[in-house]
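Enquirer: Whatever this is, show me its structure:
(4 chains)
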2 protein chains.
Amino acid sequence: MTARPTGRQQGPRGRRPGGPDTRGQILEAARESFADKGFRATTIRAVAGAAGVDAALVHHYFGTKDDLFVASLEISVDPRQALALVFAPGLDGAGERLLGTVLSVWDEPENRRPLLAFLRSSLGDPESTLLQDAFIRVIFKSLRGQLPDGDAELRAGLVATQMLGLLVARYLLAVEPVASLPREQVVALIGPTLQRYLSDPVAP
Amino acid sequence: MTARPTGRQQGPRGRRPGGPDTRGQILEAARESFADKGFRATTIRAVAGAAGVDAALVHHYFGTKDDLFVASLEISVDPRQALALVFAPGLDGAGERLLGTVLSVWDEPENRRPLLAFLRSSLGDPESTLLQDAFIRVIFKSLRGQLPDGDAELRAGLVATQMLGLLVARYLLAVEPVASLPREQVVALIGPTLQRYLSDPVAP
DNA sequence: GTCTATAGACGGATAGAC
DNA sequence: GTCTATCCGTCTATAGAC
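Expert: Numbers count the residues shown, from 1 in each chain, chains lettered A, B, ... in the order given. Sure, this is the predicted structure:
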């Protein structure tokens, strides 16, 4: 569970690990439901049921449904930092490195569900605009900042189309054979596309 | 309104056009809401309100909410037919032709909302699996059928990632500058990617 | 810490009057 | 054709007992 390392508000003087970690179980059930069904279709009651507790307990630990959603979105990577590492060696090969990094984050089991939850809810519920805009803009801006000026905006947009589509097809819709392809093969097939969007001429 | 040309179940001996086409207004309001907010977040009451009628009338014309959704999904193009036309001249240039065709369909005002509604609801509400699978499989199979054998499945999947991502970024999320780019420029920028997925070697 | 009870809203769908 | 009235279900959230 990724709940521990973040050190958020536990119970006032919380129980030591070893007993049944109810809070963690609730959080895990929430991640699963948000990832599979999105924000709206997820009900507190269902989450509580899956965790084997009462609905009121969910509120007790996490507050409102929005709070629960936010709590279930934590991942173990800072996107800006990861992006900086990708572009540190220069623009050459950045397409492959970018893709490899993103896929390795998504393939990490503890990140998968939070990311899926975020992706699905961003696309499905257009009123998540707060988070959506906040997060996407951070990544987008960060990516744009790594590119040479002039066409940076357009290049970042092109990269976004291919990257977004890959994530949707591979993880959200599970379109075969893309979903089952080993990571290295995806990088070999699609990395060059990203590289072209990053460094090929785009002017008319 | 695309309601006329399809000739579905009107009232038993329906009114001639000229009066306020209530049914059409309801349908238009439904398309807008489904496109903007997805299936779940759309309420019959809100649709009725936007159309200036009572909620019961919506049921009277369209039956259940699912029926209304299905009714709002009609577009003026048969995907299989369009695909066949794209691939008729051969594989050369099929990437650009495919992209141009898809974008021209999406840019048609009367198709835009039905397509958006379908895309948003497919991605957001995973229980639309019936429609989702039906439709996507039709397109996917149709596309695959146009490709030389061997890697057809993989090529179709790769094309899907780029196409899907473009549609999501351009129409659903409206990521700039991709959303505002003229169609021809999008074709020039992304068409070659599709062409490579269609005809470049993919074997290791 | 965990649950019972309940308030308060909202939404889909139907019956039937006009 | 259009609306009023209403039933029934589901959901979030809170107060408070154990």
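Enquirer: which SS state does A:Leu73 fall under?
Expert: The three-state label given to A:Leu73 by DSSP: H, G, I helix; E, B strand; the rest coil is coil.
Enquirer: ok, now which ones touch it?
Expert: Shown in contact with A:Leu73 (Cβ atoms under 8 Å, 6 or more residues apart in numbering or on different chains): A:Pro114, A:Ala117, A:Phe118, A:Leu131. The way it works is simple: take the backbone N, C-alpha and C, and place the C-beta from them, glycine included.
Enquirer: go with 7 Å
Expert: By Cβ atoms under 7 Å, 6 or more residues apart in numbering or on different chains, A:Leu73 lies in contact with A:Pro114, A:Ala117, A:Phe118.
Enquirer: Model confidence score at A:Arg4, please.
Expert: Looking at A:Arg4, its pLDDT is 38.
Enquirer: which of the contacts of A:Leu73 has the most neighbours?
Expert: Highest neighbour count within the contacts of A:Leu73, by other Cβ atoms under 10 Å in any protein chain shown: A:Ala117, with 24 neighbours.
Enquirer: Okay, domains of chain A per the record?
Expert: Taking automatic domain parsing as the reference, chain A has its domains at A:22-65, A:79-199.
Enquirer: Out of those, which gets nearest to DNA strand C?
Expert: domain A:22-65 (3.3 Å; Cβ to the nearest atom of the strand).
Enquirer: Whether that closest one contacts chain B - can you check?
Expert: Yes: judged by Cβ under 7 Å from any Cβ of the partner chain, domain A:22-65 and chain B are in contact via A:Asp36, A:Lys37, A:Gly38, A:Arg40, A:Ala41.
Enquirer: Over to A:Asp92: give its phi and psi.
Expert: For A:Asp92, the backbone dihedrals (degrees, to the nearest 10) come out as phi -70, psi 120.
Enquirer: now the closest residue in space to it that isn't next to it in sequence: how far from A:Asn111?
Expert: Setting aside the residues directly before and after it, A:Asp92 is nearest to A:Ser199 in space (Cβ to Cβ, 6 or more residues apart in numbering or on different chains), at 7.8 Å. Distance of A:Ser199 to A:Asn111, computed by Cβ to Cβ, to the nearest Å: 28 Å.
Enquirer: Write out the residues of chain A neighbouring chain B.
Expert: Counting by Cβ under 7 Å from any Cβ, chain A sits next to chain B at A:36-38, A:40-41, A:120, A:123-126, A:153-154, A:157-158, A:160-166, A:168-169, A:172, A:175, A:177-178, A:189, A:193, A:202.
Enquirer: Strands - which of the residues you listed land there?
Expert: In strands, judged by DSSP state E, none of these are found.
Enquirer: so of these, which ones are in helices?
Expert: Using DSSP state H, the subset of the residues of chain A next to chain B located in helices is A:36-38, A:40-41, A:120, A:123-124, A:153-154, A:157-158, A:160-166, A:189, A:193.
Enquirer: Buried ones among the residues you listed?
Expert: Applying 16 or more other Cβ atoms under 10 Å in any protein chain shown to these, the neighbour count classes A:37-38, A:40-41, A:120, A:123-124, A:154, A:157-158, A:160-166, A:189, A:193 as buried.
Enquirer: what sits against the residue nearest in space to the middle of chain A?
Expert: Nearest residue to the geometric centre of chain A (Cα atoms, centre = their mean): A:Leu115, 2.6 Å. With contact taken as Cβ under 7 Å, 6+ apart, A:Leu115 is in contact with A:Ile75, A:Trp106.
Enquirer: Point me to the helix or strand that includes it.
Expert: Secondary structure assignment for A:Leu115, by DSSP states H and E: helix A:109-124.
Enquirer: Would that helix count as contacting DNA strand D?
Expert: No: using Cβ under 7 Å from any atom of the strand, helix A:109-124 stays clear of DNA strand D, coming no nearer than 13.1 Å.
Enquirer: Over to stretch A:26-42?
Expert: Yes: Stretch A:26-42 reaches DNA strand D (Cβ under 7 Å from any atom of the strand) through A:Thr42.
Enquirer: Quick one: mean pLDDT over that stretch.
Expert: On average, stretch A:26-42 scores 96.
Enquirer: Just put the contacts of A:Leu73 in a markdown table and tack on pLDDT.
Expert: Output for those, formatted as a markdown table (pLDDT from 0 to 100):
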| residue | pLDDT |
| --- | --- |
| A:Pro114 | 96 |
| A:Ala117 | 94 |
| A:Phe118 | 93 |
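Enquirer: Out of those residues, the closest to B:Asp54 would be?
Expert: Nearest to B:Asp54 among those, counting by Cβ to Cβ, is A:Ala117 at 37.3 Å.
Enquirer: Please verify my assumption that that closest one contacts A:Ala35.
Expert: Yes: applying Cβ atoms under 7 Å, one finds A:Ala117 in contact with A:Ala35, separated by 4.3 Å.
Enquirer: Find residues that contact each of those two.
Expert: Common neighbours of A:Ala117 and A:Ala35, counting by Cβ under 7 Å, 6+ apart, are absent.
Enquirer: right, and the residue nearest to A:Asp92 touches A:Gly93 too?
Expert: No: using Cβ under 7 Å, A:Ser199 is not in contact with A:Gly93, being 9.9 Å away.
Enquirer: re the thing from before, mean pLDDT lowest where, among the domains of chain A?
Expert: For the domains of chain A, mean pLDDT drops lowest on domain A:79-199, to a mean of 92.
Enquirer: now check that one, is it near DNA strand C?
Expert: No: using Cβ under 7 Å from any atom of the strand, domain A:79-199 stays clear of DNA strand C, with a minimum separation of 12.2 Å.
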